[in-house]
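A.B. asks: mind folding the following:
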Amino acid sequence: MACLVVACKYLNDVTYKNEYWASIWKEFSVGDVNLMERELLIILNFNLVVHPKEMEFFVRRYFRYEGLEKSLFTHQPWAATLTVKN
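C.D. replies: All right, here's what the predicted structure looks like:
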């Protein structure tokens with residue numbers, strides 16, 4: 001959940017408050033959501049940037065794992081920016 005909260009806040013100028021996230025996941029209080037968000041940011045050293053080469057590595061790995069490697073470059077609009085290595 002912390003990844004979703006942080007990603008939404010990183011990508012959107014206007015986003016949900018932690019009270020909203022806590023209301024969706026009733027198992028967690030607002031304090032829990034705050035703590036998870038803060039702990040994740042500390043673990044990431046507040047670095048939320050993903051470089052294109054890192055993205056390419058993990059996308060290729062995921063598609064290979066799922067057996068979808070052949071469709072990697074045919075269905076993803078962002079894939080045009082990736083380099084094809086045979």
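A.B. asks: for Thr15, give me its contacts.
C.D. replies: By C-beta atoms under 8 Å, 6 or more residues apart in numbering, Thr15 lies in contact with 8-9. Any C-beta I mention is one placed from the backbone N, CA and C, and that applies to glycine too.
A.B. asks: distance check, it against Ala2.
C.D. replies: The gap separating Thr15 from Ala2 is 14 Å, by C-beta to C-beta, to the nearest Å.
A.B. asks: which helix or strand in this structure has the lowest average pLDDT?
C.D. replies: When the helices and strands of the chain are scored by mean pLDDT, DSSP states H and E, helix 52-66 comes last with a mean of 85.
A.B. asks: and that one, how far out from the chain's middle?
C.D. replies: Helix 52-66 has its C-alpha centroid displaced from the chain centroid by 13 Å (C-alpha atoms, centre = their mean, to the nearest Å).
A.B. asks: quick one, helices of this structure?
C.D. replies: Secondary structure of the chain (DSSP state H): helices at 2-11, 18-24, 30-43, 52-66.
A.B. asks: buried sites along the second one?
C.D. replies: Same thing as helix 18-24. For helix 18-24, the neighbour count (16 or more other C-beta atoms under 10 Å) marks 18, 21-22 as buried.
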